[in-house]
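Engineer: sequence and predicted model, in that order:
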Amino acid sequence: MNNTKILVLLIALVTYINYQNYFKVDIRHLAKKIDNLKSNIKREEKIKDENLSKNAFSLNYENLFFNGKKESYSQAMGHMQKEVADALNGVCRIENIKWAEAPISYEWYDELAMNISLTCSPKNFLIAVNRFNKTKKLYKVKSITMRRNITKQKNIIFLKLLAFRLSK
């Protein structure tokens, strides 16, 4: 009789220990939701108090994109390559830069792609990214691959970087 009571107690204890997290309310998740809601409310109140118009939130594409009327594909890619080289200068070593054959055209803009391979430490790569964020143009990293070359003791980083150009 005592063995069955101990067995039932052990089963109940194991069940409680293994499944208690599924029944508890996740307080961290709720705290994050509360903080997010508070920040959204502050932002909305600021917008309401300042009486901002629709134009205050509109983006100026001429500053963010390359101009298709003034610059050809090769000129825009040249400017893009120069900004990449300036951001990486002294921090990372550029192994190879390869332009895409032709831009991918959409309704009102073209997507300019550039494949870049670097030799860089992770710390220096973050420094270069912070420098690159100071540029005025909009860039997007489509893919990034980092690997360690053990034989040469180098960190190799492969980037596919996108920039945008307004269509003619």
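Structural biologist: That came through, no problem.

Engineer: show me what the lowest-mean-pLDDT helix or strand in the chain is packed up against.
Structural biologist: In the chain, no helix or strand scores lower on mean pLDDT, DSSP states H and E than helix 54-57, which sits at a mean of 71. Counting contacts by 3 or more C-beta pairs under 8 Å, 6 or more residues apart in numbering; DSSP states H and E, helix 54-57 packs against no other helix or strand. C-betas here are computed from N, CA, C, even on glycine.

Engineer: let me know the average pLDDT across the next helix or strand after it.
Structural biologist: For helix 54-57, the following helix or strand on the C-terminal side (DSSP states H and E) is helix 61-64. Helix 61-64 comes out with an average pLDDT of 77.

Engineer: so what touches helix 61-64?
Structural biologist: 109, 136-138, 164, 166 (C-beta atoms under 8 Å, 6 or more residues apart in numbering).

Engineer: do the same with stretch 140-149
Structural biologist: With C-beta under 8 Å, 6+ apart as the contact definition, stretch 140-149 has outside contacts at 113, 122, 154-163.

Engineer: next, please give the residue ranges for the helices of this protein.
Structural biologist: 2-23, 27-50, 54-57, 61-64, 73-88, 122-132 (DSSP state H).

Engineer: list the buried residues in the lengthiest strand in the chain.
Structural biologist: When the chain is parsed with DSSP state E, its longest strand is strand 154-166. For strand 154-166, burial by neighbour count (16 or more other C-beta atoms under 10 Å) applies to 154-155, 157, 159-166.

Engineer: what residue is smack in the middle of this protein?
Structural biologist: Nearest to the mean C-alpha position of the chain, counting by C-alpha atoms, centre = their mean, stands Val141 at 7.0 Å.
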